[in-house]
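Participant: Provided below for reference: sequence and predicted model.
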Amino acid sequence: MTAAPPPEELSEPVVRALVVAMRDGDRDAFYAAFAAGAELTDDGALQDLRSWAEREVFEARGRLEVAEERQHGRYLLGRFRSDRADLHGTYWHFQIADGRITRLDVGQG
């Protein structure tokens, strides 16, 4: 268990790019972090990645405030804040292949 540095210093490059893209509202950089056909689950329910991201991240100005990173930066714990929610204790678990996110599981826990 390691206390997380600022987003620009997260250990895993593609996760770092995603968190910074969320903070900056950069759709192109956000979507570029994902592999074609990437999957996303929210509290265990499979979601359409683009629909979820547009609703939860871009329309609601969602941001992840990382409190801790684990698994070499592939598992983040923190606070997700948006115009719709303020969720403490969220996790973001990334599966990565060839420098792209192939699966993202988000939830509270």
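Facilitator: That came through fine. Numbers count the residues shown, from 1 in each chain.
Participant: could I get the full set of strands for this protein?
Facilitator: All strands of the chain, identified by DSSP state E, fall at 2-3, 34-42, 45-47, 63-70, 75-81, 86-97, 100-108.
Participant: any idea which of these gets closest to residue 57?
Facilitator: Closest of those to residue 57 is strand 63-70, at 8.3 Å (criterion: CB to CB). Glycine gets a C-beta too; all of them are placed from N, C-alpha and C.
Participant: give me the number of residues near the nearest residue in space to residue 32 that is not next to it in sequence?
Facilitator: Nearest in space to residue 32, with sequence neighbours left out and distances taken as CB to CB, 6 or more residues apart in numbering, is residue 17 at 7.5 Å. By the measure other CB atoms under 10 Å, the count of residues near residue 17 is 20.
Participant: can you tell me how far the closest residue in space to residue 19 that isn't next to it in sequence is from residue 55?
Facilitator: Closest residue to residue 19 apart from its sequence neighbours, by CB to CB, 6+ apart: residue 7 at 4.5 Å. Distance check for residue 7 against residue 55: by CB to CB, to the nearest Å, it reads 22 Å.
Participant: more neighbours, those two?
Facilitator: Comparing residue 7 with residue 55 by neighbour count (other CB under 10 Å), the higher total belongs to residue 7, at 21 against 15.
Participant: ok, now how distant is the more buried one from residue 44?
Facilitator: For residue 7, the distance to residue 44 (CB to CB) stands at 26 Å.
Participant: please apply the same query to residue 20.
Facilitator: Remark: distance between residue 20 and residue 44 (CB to CB) = 27 Å.
Participant: between these two, who's got more neighbours?
Facilitator: Taking other CB under 10 Å, residue 20 and residue 44 do not tie; residue 20 has more neighbours (17 against 8).
Participant: from residue 11, how far off is residue 81?
Facilitator: For residue 81, the distance to residue 11 equals 22 Å [CB to CB].
Participant: ok, back up a step: so which of the strands of the chain is nearest residue 24?
Facilitator: Per CB to CB, nearest to residue 24 of those: strand 63-70, 9.6 Å.
Participant: I'd like to know how many residues surround residue 97.
Facilitator: Neighbour tally, residue 97, other CB under 10 Å: 10.
Participant: residues touching it, list them.
Facilitator: residue 35 (CB atoms under 8 Å, 6 or more residues apart in numbering).
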